[in-house]
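Undergrad: Turn this into a model:
(one chain, ligands or ions: 1)
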Amino acid sequence: MAIEEQIVSMDKLVALCKRRGFVFGSSELYGGLSGFWDYGPLGVELKQNIKRAWWRANVHLRDDVVGLESALIMPSAIWAASGHLQNFNDPLVECQSCKRRFRADDLEGATVCPQCGGPLSEARQFNTMFQTQVGPVADEGSIAYLRPETAQGTFVNFKNVLQSTPHKIPFGIAQIGKSFRNEITTGNFIFRSREFEQMELEFFVKPGTDDEWFDYWRDERMRWWTHDIGIRPQNIRLRDHAVSELSHYSKQTSDFEYRYPFGTRELEGVADRTDFDLKAHMAGSGIDLTYYDDETQERYVPYVIEPAVGVDRTFLVVLLDAYDEEQTGPKPSDRRTVLRLKSQLAPYKVAVFPLVANKPDLVARARSIYATLKPEMMVAWDSIGNVGKRYRRQDEVGTPWCVTVDYQTLEDSTVTVRDRDTMTQERHPVVGLSDLFRERLVAG
Ligand code: GAP
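TA: Numbers count the residues shown, from 1 in each chain. Next up is the predicted model:
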């Protein structure tokens, strides 16, 4: 089947993630906790590579963005000022027979329970922030909240960053970190969970230039998705929010939507948050957060353009887009599952094998190549089963290149390098292997 037409089922992807150590249900030993996930040995590598790709494009390669890591728990006063205590609600309906609860907007106006057919209550607003208490005394002053977005930690540090760096507007503050939402319903694997990670950029601009910057960031983010991350353009699209959908802080929002197996849904939002948040924190804290432009001698509250995406949702999309199944020969066993991940995202870049595991000189030579590559990049070692099976195992986790040490290696110091996507095998000298893979990684 042509790769463009393939949509892998969620069941297959979830099974692969568990089998190969990408994602496990959280607290499984105790029956699990709905809406929470743990990332296994390969998952944590993929997640880090995604975050690195985002940080590189949005911080390291730019002159106008710096990074920040703010606390996950912040006091009520911040959430009162930002409007989250009043507005960070989802409409909740309850089945009057089975007592199950649903997000009203997921039911598209239905009046009977999708589980038991019972009547549904009127919708009421449910605040999805997790509340906690800081310190041993439980009183009003100790109430705090786990952040539902990283953005507020950035806004309350706007002045600190401005005063500690030479940046002038327009400039941005990027943050990657956990956020928490007590979602009414979770589901579709890691698509919507209660603890997740976000990659958010708050880009501060002069009022009046915000429309231009909004367009700029939409284009730049599309470039990142299709070029840096390698998402197939036909699977991703931009959709502008209708006025009725806008968050309480937004003047205009565009969603990047992805064609998931369960429908076309949000992947990332780009919002024009105007001066809403900085003004709210000026009012809430009594501290001046205006910006003085030396050149034009104007004082103003900056507007903010915010591209915001979940790491976990990116992880899901990267896997869905990379997943492929292919018939490689006439026999039913000639079928392979392959993750066609961008090499920079792949958990392992290279796998090294001795042709057979019971020949000490082959194993020793392969071990030495493995040890040479290991400080440079993530390398897998596999000596179990035959080479064909090892290729299949590496294909399934997206390893771009496999190095096999065979008898010829002992004679002429060359190895076979097998390519994941084309399955072609070429001989290369052992000397220079690191350079070869490093060059290929840079080329993407
Ligand atoms: N600061 C703006 C903000 O948080 P959002 O659209 O609510 O906006 C941004 O969230 C992104 O965070 C979403 O596009 C999605 O990728 C991710 N996200 C939000 N809620 C999530 C959840 N419950 N589980 C996983 N990812 C989530």
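
Undergrad: Going by C-alpha atoms from here, please, whenever you check contacts or count neighbours.
TA: OK.

Undergrad: Which pLDDT value does the model give Asp90?
TA: Asp90 carries a pLDDT score of 89 in this model.

Undergrad: swap in the one 10 residues further on?
TA: Among the per-residue scores, Arg100 holds a pLDDT of 92.

Undergrad: The residue in the stretch 51-200 of the chain that the ligand sits nearest to - how many residues pack around it?
TA: In the stretch 51-200 of the chain, the residue found nearest to the ligand is Arg192; the distance is 3.4 Å by C-alpha to the nearest ligand atom. Arg192 has 18 neighbouring residues, counting by other C-alpha atoms under 10 Å.

Undergrad: ok, now Leu278?
TA: As a burial measure, Leu278 scores 24 neighbours (other C-alpha under 10 Å).

Undergrad: what does the stretch 1-150 of the chain have sitting close to the ligand?
TA: Contact residues (C-alpha under 6 Å from any ligand atom) of the stretch 1-150 of the chain with the ligand: Glu149.

Undergrad: Would you mind listing where the stretch 1-150 of the chain has pLDDT under the threshold?
TA: The stretch 1-150 of the chain contains residues with pLDDT under 70 at 1-6.

Undergrad: sorry, back to before: distance of the residue of the stretch 51-200 of the chain closest to the ligand from Ser34?
TA: Distance, Arg192 to Ser34, using C-alpha to C-alpha, to the nearest Å: 11 Å.

Undergrad: okay, and the common contacts of the two?
TA: Listed as contacting both Arg192 and Ser34 by C-alpha atoms under 8 Å, 6 or more residues apart in numbering are Thr186.

Undergrad: still on that earlier bit, give the bridge partners for the residue of the stretch 51-200 of the chain closest to the ligand, please.
TA: For Arg192, the residues forming beta bridges with it (DSSP bridges) are Gly187.

Undergrad: Enumerate every residue touching it.
TA: Counting by C-alpha under 8 Å, 6+ apart, Arg192 makes contact with 35, 183, 186, 313.

Undergrad: Which members of those are the farthest-apart pair?
TA: Maximum pairwise distance in the contacts of Arg192, criterion C-alpha to C-alpha, is 15.1 Å, between Glu183 and Arg313.

Undergrad: residues touching Ile229, list them.
TA: Applying C-alpha under 8 Å, 6+ apart, one finds that Ile229 lies in contact with 53, 318, 342, 345.

Undergrad: okay, the second one: pLDDT?
TA: pLDDT, Val318: 98.

Undergrad: Which helix or strand contains Ile369?
TA: Assessed by DSSP states H and E, Ile369 sits inside helix 360-373.

Undergrad: Can you name the residues of the stretch 201-350 of the chain that neighbour the ligand?
TA: Close to the ligand, as judged by C-alpha under 6 Å from any ligand atom, the stretch 201-350 of the chain has residues 266-269, 308-310, 313.

Undergrad: roughly how far is stretch 197-205 from the heart of the chain?
TA: Distance of stretch 197-205 from its chain centroid, counting by C-alpha atoms, centre = their mean, to the nearest Å, is 14 Å.

Undergrad: Revised request: answer the last question for stretch 218-228.
TA: How far stretch 218-228 lies from its chain's middle: 14 Å, per C-alpha atoms, centre = their mean.

Undergrad: I'd like the average pLDDT over that stretch.
TA: 98.

Undergrad: list the buried ones in that stretch?
TA: 218, 221-222, 224-225, 228 (16 or more other C-alpha atoms under 10 Å).

Undergrad: Residues in contact with the helix holding Ile369: which ones?
TA: 352-357, 379, 381, 404-407, 410, 430, 433-434.

Undergrad: ok, and for it, which residues are buried?
TA: Residues 362-363, 365-367, 369-370, 373 are the ones in helix 360-373 that count as buried (16+ other C-alpha under 10 Å).

Undergrad: what's the answer for stretch 123-135, then?
TA: By neighbour count on 16+ other C-alpha under 10 Å, the buried set for stretch 123-135 is 126-130, 132-133.

Undergrad: Make JSON lines out of the residues you listed and add secondary structure.
TA: Shown next, in JSON lines, are the buried residues of stretch 123-135 (DSSP: H, G, I helix; E, B strand; the rest coil):
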{"residue": "Phe126", "secondary structure": "strand"}
{"residue": "Asn127", "secondary structure": "strand"}
{"residue": "Thr128", "secondary structure": "coil"}
{"residue": "Met129", "secondary structure": "coil"}
{"residue": "Phe130", "secondary structure": "coil"}
{"residue": "Thr132", "secondary structure": "strand"}
{"residue": "Gln133", "secondary structure": "strand"}
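
Undergrad: now the helices for this protein?
TA: In the chain, the helices defined using DSSP state H lie at 10-19, 41-55, 76-82, 84-87, 151-155, 158-164, 210-223, 276-285, 311-322, 360-373, 387-396, 407-412, 433-443.

Undergrad: need the ones you listed in a markdown table with distance to Leu68, can you?
TA: Below are the helices of the chain laid out as a markdown table (distance: least, C-alpha to C-alpha, whole Å):
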| stretch | distance to Leu68 |
| --- | --- |
| helix 10-19 | 31 |
| helix 41-55 | 11 |
| helix 76-82 | 18 |
| helix 84-87 | 21 |
| helix 151-155 | 7 |
| helix 158-164 | 9 |
| helix 210-223 | 19 |
| helix 276-285 | 17 |
| helix 311-322 | 16 |
| helix 360-373 | 33 |
| helix 387-396 | 35 |
| helix 407-412 | 49 |
| helix 433-443 | 27 |
